[in-house]
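Colleague: sequence plus the predicted model coming up.
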Amino acid sequence: MVFKTDMGNSNGLTVEELQACESYHWYKKFMTECPSGLLTFYEFKKFFGLRNLSEASDAYIMTMFKTFDLNNDGFIDFMEYMAALSLVLKGEVQQKLRWYFKLYDIDRSGCIDREELLMMIKSVRAINGLPSEMSAEDFANMVFEKIDLNGDGELSFKEFVEGVQSDDTLRKTLTETLDLTHIVQKIQGDMMSNS
């Protein structure tokens, strides 16, 4: 496969060469923003343009940071960063649901309770600034009514995954709510304008 440049000239780049070029731009952006090669929580927030957040939103971002910090060393290195980008941009539904569950399970108990879900919904809405027809409380109640099959007030991983996969409305809402591609696209735009 051959791709054309903006000028219409054939540049003969293969898909692999384009992916390598894209990886180079991500690496350049990462190293420009984080010369040490290790992204701290503060740098993570700066990197994604997340400033002046409420306490709840800041807690959500910290949880997100910890889910991307695969080796739990308190930093995100370039490989962890690329794994996170790959998940956000190209991950399969099952992979994203596993990540969403991990993100919502703030206390790492293996279950999501109503308070955890409510806090995450409020935080995500505050960060994304997306309008919603339903209050965060009503949405959390709807989620539990639909997928807390045993009625224990907690969502196990199995209940969460099976419930979200079997309900188009929940799947669509959760996917849109936690969609970070708009942030990634902004970064890509910044990278291309600085090239």
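Modeller: Thanks, I have the structure now.

Colleague: how about Phe160: what's its closest non-neighbour residue?
Modeller: The spatially closest residue to Phe160, leaving aside those adjacent along the chain, is Phe101, at 5.1 Å (C-beta to C-beta, 6 or more residues apart in numbering). The C-beta positions use only the backbone N, C-alpha and C, and glycine is treated the same way.

Colleague: the helices in the protein, which residues?
Modeller: Remark: helices assigned in the chain by DSSP state H are 15-33, 41-47, 55-68, 78-90, 93-104, 114-128, 136-147, 157-166, 168-177, 181-194.

Colleague: dump the second one to PDB, keeping only the CA atoms.
Modeller: Translated: helix 41-47. Taking C-alpha atoms only, helix 41-47 is exported to PDB below (Å, rounded to 0.1, in the frame of the first residue of the first chain):
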ATOM      1  CA  PHE A  41       1.300  12.400  38.200                       C
ATOM      2  CA  TYR A  42       1.800  16.100  37.900                       C
ATOM      3  CA  GLU A  43       3.400  15.800  34.400                       C
ATOM      4  CA  PHE A  44       0.600  13.400  33.400                       C
ATOM      5  CA  LYS A  45      -2.000  16.000  34.200                       C
ATOM      6  CA  LYS A  46       0.000  18.700  32.400                       C
ATOM      7  CA  PHE A  47       0.600  16.400  29.400                       C
END
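
Colleague: give me the mean pLDDT for that helix.
Modeller: The pLDDT scores in helix 41-47 average 82.

Colleague: and it, how far out from the chain's middle?
Modeller: Centroid separation for helix 41-47 versus its chain: 14 Å, with C-alpha atoms, centre = their mean, to the nearest Å.

Colleague: one step back: mean neighbour count for the helices of the chain - can I get that in TSV?
Modeller: Listed next are these as TSV, based on neighbours: other C-beta atoms under 10 Å:
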stretch	mean neighbour count
helix 15-33	13
helix 41-47	16
helix 55-68	18
helix 78-90	15
helix 93-104	17
helix 114-128	19
helix 136-147	17
helix 157-166	17
helix 168-177	14
helix 181-194	12
